[in-house]
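Asker: below are the sequence and a predicted model; questions follow.
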Amino acid sequence: MKLSELIINDITPLSNQSETRDLKQLFNQLTYSHIPVKNENGAYLGCFSDTDAHCFDGEKAIETYLYALEDFYVRNTTLWLDVLEAFAVNSANIMPVLNEQNEYLGYYELNDVISLFSESPFFSEAGGILVVEKGINDYSFSEISQIVESNDGKLLGAFISKMNTDLVQVTLKIGNTGLNEIIQTFRRYSYNIVSGHEEDGYIETLKERSDYLNKYLNM
């Protein structure tokens with residue numbers, strides 16, 4: 001499904017000439033974090049948040065509080081990852097959509113965009129999840145891909161799931177093969193395995209016991 005097919009236009013943006021009570025009533029009827037507002041010419045102005053709206057005087061016009069508008073939106077050509085980022089940055093569950101002429105087309109709902117993400121191969125294809133960790137200046141996605149593919153694995157997706165000044169964690173979805181050989185190769189390349197296949201833990205336990213037994217026999 002194309003992202004643009006998720007555009008909803010069942011809510012007409014409120015006019016800046018409307019009364020604030022209309023804005024409050026709309027928030028009471030809906031579960032949205034924001035409501036879009038347009039001017040008298042129909043141009044999109046921005047969004048009021050639910051939190052701000054409940055502090056407004058219901059007898060006054062919306063234009064009285066235009067200073068509180070939050071000016072965020074995406075284009076109908078914006079990629080879905082960027083749309084998700086816009087939701088996160090603006091702490092919103094509704095995202096206005098404009099075309100290249102700045103005309104208001106409707107809005108995205110957060111749950112709809114997330115559901116589109118869940119349909120991606122990262123979630124829908126069978127495979128194992130592996131989280132690896134390395135120094136922030138030492139890792140590379142090309143190296144990660146090479147490690148997976150050199151062990152006949154199929155990299156279904158990868159993203160940085162944690163990062164600080166020293167380390168970066170990368171979450172991988174790998175199909176087509178078991179993870180044990182891939183895990184061992186990552187270790188040879190000095191990656192720390194944060195989370196991996198259950199069989200890997202079993203093999204590590206056997207290895208530790210074998211090493212202990214060898215030390216005992218060599219005493």
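Answerer: Received it, and whenever you're ready, just let me know what you need. Not measured: the values here are computed from a predicted model.

Asker: excluding its backbone neighbours, what's nearest residue 141?
Answerer: residue 158 (6.7 Å; CB to CB, 6 or more residues apart in numbering). Backbone N, C-alpha and C define where each C-beta goes, glycine included.

Asker: lowest-pLDDT helix or strand in this protein?
Answerer: helix 198-217 (a mean of 49; mean pLDDT, DSSP states H and E).

Asker: what separation do you get for residue 71 and residue 14?
Answerer: Residue 71 sits 15 Å away from residue 14, going by CB to CB, to the nearest Å.

Asker: these two: which is more packed in?
Answerer: residue 14 (19 against 10; other CB atoms under 10 Å).

Asker: and that one, how far from residue 46?
Answerer: 11 Å.

Asker: which neighbours do these two have in common?
Answerer: Both residue 14 and residue 46 are contacted by 36-37, under the criterion CB atoms under 8 Å, 6 or more residues apart in numbering.

Asker: low-confidence stretches in this protein?
Answerer: The chain contains residues with pLDDT under 70 at 1, 196-219.

Asker: hey, where'd the helices end up in it?
Answerer: With DSSP state H as the criterion, the chain has helices at 20-29, 50-53, 80-89, 110-118, 121-124, 141-150, 180-188, 198-217.

Asker: just checking, what packs against the third one?
Answerer: Put plainly, it is helix 80-89. Judged by 3 or more CB pairs under 8 Å, 6 or more residues apart in numbering; DSSP states H and E, the packing partners of helix 80-89 are strand 74-75, strand 94-98, helix 110-118.

Asker: kindly reformat these as TSV containing mean neighbour count.
Answerer: Listed next are these as TSV, based on neighbours: other CB atoms under 10 Å:
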stretch	mean neighbour count
strand 74-75	18
strand 94-98	22
helix 110-118	14
